[in-house]
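In: What follows is a protein structure lacking sequence information:
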């Protein structure tokens, strides 16, 4: 028992309220400050030990899930965890105005009802099987209503929200560190082992690696393109390496706008990309080259083909563009995207009219993303596209997925405990990450039917078959953009960092969110 674990991560550029924090670092700390209603294990199975619910029942129409809560659990401030507290937190998460990051995962809920102090039910408009797993994300992680009355959102963002996890926030010094201290009344007996752990804010991977060499850090997270840092860490005697994969990186385009509304142009963009070369340049060859699946190869709903139809073929790419240009009466290079005018229904759903504009790579100003943008630009311009660059213009995600105005926006996405978390928002009609923008092509509608159908069955294999079919259509229609590779994420731990019982590595670093589970860690020194 005891000790302080020092964890080197990137800066916290936001705040410390787990429900509204949007940065990727949430995977590293959110699950240490709270427990969700139905926690999940690394294979999306129900992890009862960490769950606030001890059991649940499903109604005959499969639209209402009734949860029986464990007794005696308290928030960090001593407030009892009861059905009223669960309802307060879920109602907050479901309110669009509160901008809860994982709200979309539980948005199917149309009602939360308190049955008695230890029983609460949620009702969905239609059958939505993933709701059980999705309540294991941060949106299903309650906060103390007593503390909320006293502090409000601003107080939670600056001081942290008292929840039910193994640690609570003691101190946040922006630009320096956040200290998470052991909860003495944690409901999992004997956990956590550590007195505390510290998020040390270190922007540069090479600095993290040097600190590990000097023994000044216990764990670090390293980006996939930091080859020197990875090599340095692998050379440290006794170092432990944990490698994980998220969804594929992609050059996202809006398939509702010309020229992307023509399959020949979409296919030309696919053939223009040397995925093997991209993987070598951006990950040192350690990523999984995209082969048709939006999920890592180990996932149950993963889809792949023996012969991927869009291998690197710049001659074929250029031929398709020439055919398209001749038909349209234009000459190469193709440099403009057409305007798009929303229908009345689309406007009601949030569609925004966009003007004609140059084809542009939209990217943040990080060195890794700039290098990626320059590589993509070279591939596309070699075959007959003319691509401008928009680096660090801000709101890249909003312009790609909300207003859907960006073209060749360099994106990727993390995974969720259930495929619906990625597929509904990325493949579904009108979804935040919708691959066709505001388009209504037959392929888009067919995909939408499949991803909607997959959530209406509790049979996992039926779900997976529909998800695989949706990915096949998506791949063959060349929708959504150019996928390159599932890039790795790395964590390295010192030899003295260990976990109870030496569990399977996937229990230490969950495939769904790449989080390390500090509640099970201890320091053997």
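Out: That came through, no problem. These numbers come from a predicted model, not from an experiment. Numbering: from 1, shown residues only.
In: which secondary structure element contains the residue lying closest to residue 428 once chain neighbours are set aside?
Out: Spatial nearest neighbour of residue 428, excluding adjacent residues (Cβ to Cβ, 6 or more residues apart in numbering): residue 451 at 5.0 Å. Glycine gets a C-beta too; all of them are placed from N, C-alpha and C. Following DSSP states H and E, one finds residue 451 within helix 442-454.
In: can you list the residues that contact that helix?
Out: 255, 419-420, 423-424, 427-429, 435-436, 462-463, 466-467, 469-470, 473-474, 477, 479 (Cβ atoms under 8 Å, 6 or more residues apart in numbering).
In: residue ranges for the strands of the stretch 301-450 of the chain, please.
Out: Counting by DSSP state E, counting those that start in this stretch, the stretch 301-450 of the chain has these strands, from start to end: 336-337, 357-358, 360-363, 388-391, 409-411.
In: Parallel or antiparallel, list what pairs with the second one.
Out: Strands adjacent to strand 357-358 in the sheet, as given by DSSP bridges, are strand 336-337 (antiparallel).
In: Just the buried residues of the helix holding residue 451, please?
Out: Going by neighbour count (16 or more other Cβ atoms under 10 Å), the buried part of helix 442-454 is 443-444, 447-448, 450-452, 454.
In: from the middle of its chain, how far away would the helix or strand just after it be?
Out: Sequence-wise, the next helix or strand downstream of helix 442-454 (DSSP H and E) is helix 460-476. Distance of helix 460-476 from its chain centroid, counting by Cα atoms, centre = their mean, to the nearest Å, is 20 Å.
In: And stretch 10-19, by the same measure?
Out: In terms of Cα atoms, centre = their mean, the centre of stretch 10-19 is found 16 Å from the chain centre.
In: Check stretch 197-217 too.
Out: 24 Å.
In: Span of it from start to end?
Out: 11 Å (Cα to Cα, to the nearest Å).
In: now swap in stretch 7-26 and tell me
Out: So stretch 7-26: terminal residues 14 Å apart, Cα to Cα.
In: Buried residues in it, which are they?
Out: Neighbour counts over stretch 7-26 (16+ other Cβ under 10 Å) mark 7-10, 12, 15-21, 23, 25-26 as buried.
In: avg pLDDT for stretch 265-284?
Out: For stretch 265-284, mean pLDDT rounds to 96.
In: first to last residue in it, what's the distance?
Out: End-to-end for stretch 265-284, by Cα to Cα: 29 Å.
In: And for stretch 48-65?
Out: Start-to-end span of stretch 48-65 (Cα to Cα) is 16 Å.
In: low pLDDT regions in the protein?
Out: Within the chain, the segments meeting pLDDT under 70 span 23-25, 430-436, 502-503, 511-514.
In: Quick check, central residue of it?
Out: residue 414 (2.7 Å; Cα atoms, centre = their mean).
In: so the residue nearest to that residue when sequence neighbours are not counted is in which element?
Out: Distances taken as Cβ to Cβ, 6+ apart place residue 246 nearest to residue 414, at 4.8 Å, with adjacent residues excluded. Take DSSP H and E as the rule and residue 246 turns out to sit in strand 240-252.
In: Neighbouring strands - and their directions - for that strand?
Out: strand 409-411 (antiparallel), strand 481-493 (antiparallel).
In: mind listing what's buried in it?
Out: 240, 242, 244-252.
In: Give the next helix or strand downstream of that strand.
Out: helix 263-272.
In: List the neighbours of that following helix that are in contact with it.
Out: So helix 263-272 is in contact with 251, 253, 255, 259-260, 310-314, 316-318, 320-321, 323-324, 334, 379-380, 382-385, 477-479, 481-482, going by Cβ under 8 Å, 6+ apart.
In: rerun at 6 Å
Out: Identification of contacts with helix 263-272 by Cβ atoms under 6 Å, 6 or more residues apart in numbering yields 259-260, 310, 313, 316-317, 320-321, 324, 379-380, 383, 478, 482.
In: repeat for stretch 297-306
Out: Contacts of stretch 297-306 (Cβ under 6 Å, 6+ apart): 288, 291-293, 295, 419, 464, 467-468, 471.
In: run the last query once more with 7 Å
Out: For stretch 297-306, the surrounding residues in contact (Cβ atoms under 7 Å, 6 or more residues apart in numbering) are 288, 291-293, 295-296, 419, 464, 467-468, 471-472.
In: and of these, the nearest to residue 136?
Out: Proximity of the contacts of stretch 297-306 to residue 136 (Cβ to Cβ) peaks at residue 419, which lies at 14.3 Å.
In: my guess is that closest one meets residue 468, correct?
Out: No - counting by Cβ atoms under 7 Å, residue 468 is not a contact partner of residue 419; they are 9.8 Å apart.
In: per-domain residue ranges of this structure.
Out: 16-162, 247-486 (automatic domain parsing).
In: Between these, which one is closest to residue 494.
Out: Comparing the domains of the chain by Cβ to Cβ, domain 16-162 comes nearest, at 16.8 Å.
In: Can you give the distance from that closest one to the centre of its chain?
Out: 18 Å.
In: again, but for stretch 468-482
Out: Relative to the chain's own centre, stretch 468-482 is displaced by 19 Å; criterion: Cα atoms, centre = their mean.
In: Could you work out the end-to-end span of it for me?
Out: 18 Å.
In: try stretch 128-147
Out: 32 Å.
In: Buried residues of it, list them for me.
Out: For stretch 128-147, by 16+ other Cβ under 10 Å, it's 128-145, 147.
In: cool, stretch 362-381 as well?
Out: For stretch 362-381, a neighbour-count test (16+ other Cβ under 10 Å) marks 362-363, 368-370, 372-373, 375-377, 379-380 as buried.
In: Distance to residue 355 for the residues you listed - can I get that in CSV?
Out: What follows is those, written out as CSV (distance: Cβ to Cβ, whole Å):
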residue, distance to residue 355
362, 16
363, 21
368, 31
369, 26
370, 26
372, 27
373, 23
375, 28
376, 24
377, 23
379, 27
380, 22
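In: Could you identify the most distant pair in the residues you listed?
Out: Longest span within those, Cβ to Cβ: 368 and 380, 19.0 Å.
In: if we can go back for a sec, residue 419 and residue 468: who's more crowded?
Out: residue 419 (29 against 20; other Cβ atoms under 10 Å).
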